[in-house]
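Q: structure, please.
(one chain, ligands or ions: 2)
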Amino acid sequence: MTAPRLTLPSPAKLNLMLHILGRRADGYHELQTLFQFVDYGDEITFAVRDDGVIHLHTEFAGVPHDSNLIVRAAKMLQQQSGCTLGIDIWIDKVLPMGGGIGGGSSNAATTLLGLNHLWQLGWDEDRLAALGLSLGADVPVFVRGHAAFAEGVGEKLTPVDPEEPWYLVLVPQVSVSTAEIFSDPLLTRNTPPIKVRPVPEGNSRNDCLPVVARRYPEVRNALDLLGKFTEAKLTGTGSCVFGGFPSKAEADKVSALLTETLTGFVAKGSNVSMLHRKLQSLL
Ligand SMILES: C[C@@](CO)(OP(=O)(O)O)[C@H](O)COP(=O)(O)OP(=O)(O)OC[C@H]1O[C@@H](n2ccc(N)nc2=O)[C@H](O)[C@@H]1O
Ligand SMILES: Nc1ncnc2c1ncn2[C@@H]1O[C@H](COP(=O)(O)OP(=O)(O)O)[C@@H](O)[C@H]1O
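A: Numbering: from 1, shown residues only. Ligands and ions are numbered 1, 2, ... in the order given. Okay, the predicted model is just below:
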């Protein structure tokens, strides 16, 4: 008998602002950033196996099986929980890699929450978020599933409820390495911390933008194009660029102008992740 399958969403995130406050002794940068999800992302399908094997069936260009964040998350959870079950995994990957929309981190979080459910581990969110942090700074917010103001390297999270506009997200055909941007000598690293909540108007800057725009003409072009219609912003360290619109129709109108060399997608901003809405519906 084949095992029943469970398909869960793995949404993208946007950084609505990103300030770099300083550099820690270990080289990592202290940030203040605002995370919001969008209703657009990958879909991951899971089927439990009873032999303990963890197998991701979908191949990723340039990412070996055991380095994939999905496999790493599954193995870490299996090991730390002492679970003897295994899992077959397939992914319908639509999120660009190295786009600053957190695809890999989201995939890891969906795997942790999906396996916690299927393996019936009963881990709480704090424990899953702590495990997630060891896989990447952006994993905890996807585990929590609520829009958040993040501090530290992104692990200190305060839930927030910003507006939920429609976004047009442009996807320049270039992958940006986070490490490369954080090691650029010209990066602004001394933005004063914001002390009041919610984040006051006029603080929506992304400190990475000047460095990314200087290095990547594809990102500059996307910012110029979108900037003709709305405030164009960079998410994370890029490469994706986004802007808000009051309605889907208005976002679609600008999206219709895109070409093969600069693609994009329209999605609703969401303060509760699609993953959590789906998991809630299973309970
Ligand atoms: C800055 C953000 C905002 O969301 O960018 P995106 O990756 O989403 O674009 C993230 O927090 C990124 O977190 P994450 O994606 O886990 O970063 P990693 O790949 O682990 O970081 C790669 C490298 O970037 C540098 N790095 C990363 C995060 C940070 N707060 N300070 C750093 O200096 C470190 O040199 C690190 O080795
Ligand atoms: N499941 C995964 N999905 C995407 N990227 C992954 C995955 N597993 C490992 N990676 C690696 O992580 C890198 C960063 O991926 P991703 O999270 O999509 O980018 P970003 O943090 O810029 O949004 C990729 O370039 C890839 O090498």
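Q: switch to C-alpha atoms for all contacts and neighbour counts from now on
A: OK.
Q: touching ligand 2 at all, stretch 204-214?
A: No - judged by CA under 6 Å from any ligand atom, stretch 204-214 and ligand 2 are separated, with a smallest distance of 12.3 Å.
Q: average pLDDT for that stretch?
A: For stretch 204-214, mean pLDDT rounds to 97.
Q: can you get me the start-to-end distance on that stretch?
A: Taking CA to CA, to the nearest Å, stretch 204-214 runs 20 Å from one end to the other.
Q: contacts for that stretch?
A: 16-20, 181, 184, 186-189, 219-220, 233-239 (CA atoms under 8 Å, 6 or more residues apart in numbering).
Q: tell me the buried residues in that stretch?
A: Within stretch 204-214, the residues that count as buried by 16 or more other CA atoms under 10 Å are Ser204, Asn206, Asp207, Cys208, Leu209, Val211, Val212, Ala213.
Q: intersect the contacts of stretch 204-214 with the contacts of ligand 2.
A: Within the contacts of stretch 204-214, nothing lies near ligand 2 by CA under 6 Å from any ligand atom.
Q: please pick the buried ones from those residues.
A: 16-20, 181, 187-189, 219-220, 233-239.
Q: can you flag which of these belong to helices?
A: Using DSSP state H, Ile181, Val219, Arg220 are the members of the buried ones among the contacts of stretch 204-214 that sit in helices.
Q: possible to save the residues you listed as a markdown table with pLDDT?
A: What follows is those, written out as a markdown table (pLDDT from 0 to 100):
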| residue | pLDDT |
| --- | --- |
| Ile181 | 97 |
| Val219 | 97 |
| Arg220 | 97 |
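Q: tell me the one among these nearest to ligand 2.
A: Ile181 (11.0 Å; CA to the nearest ligand atom).
Q: residue contacts, the closest one?
A: Contacts for Ile181 (CA under 8 Å, 6+ apart) come out as Leu187, Cys208, Val211, Val212, Thr237.
Q: returning to that earlier point: any idea which of the ones in helices among the buried ones among the contacts of stretch 204-214 is closest to ligand 1?
A: Ile181 (7.4 Å).
Q: show me which residues of the stretch 1-150 of the chain sit near ligand 1.
A: Gly27, Tyr28, His29, Glu30, Gly100, Ile101, Gly102, Gly136, Ala137, Asp138.
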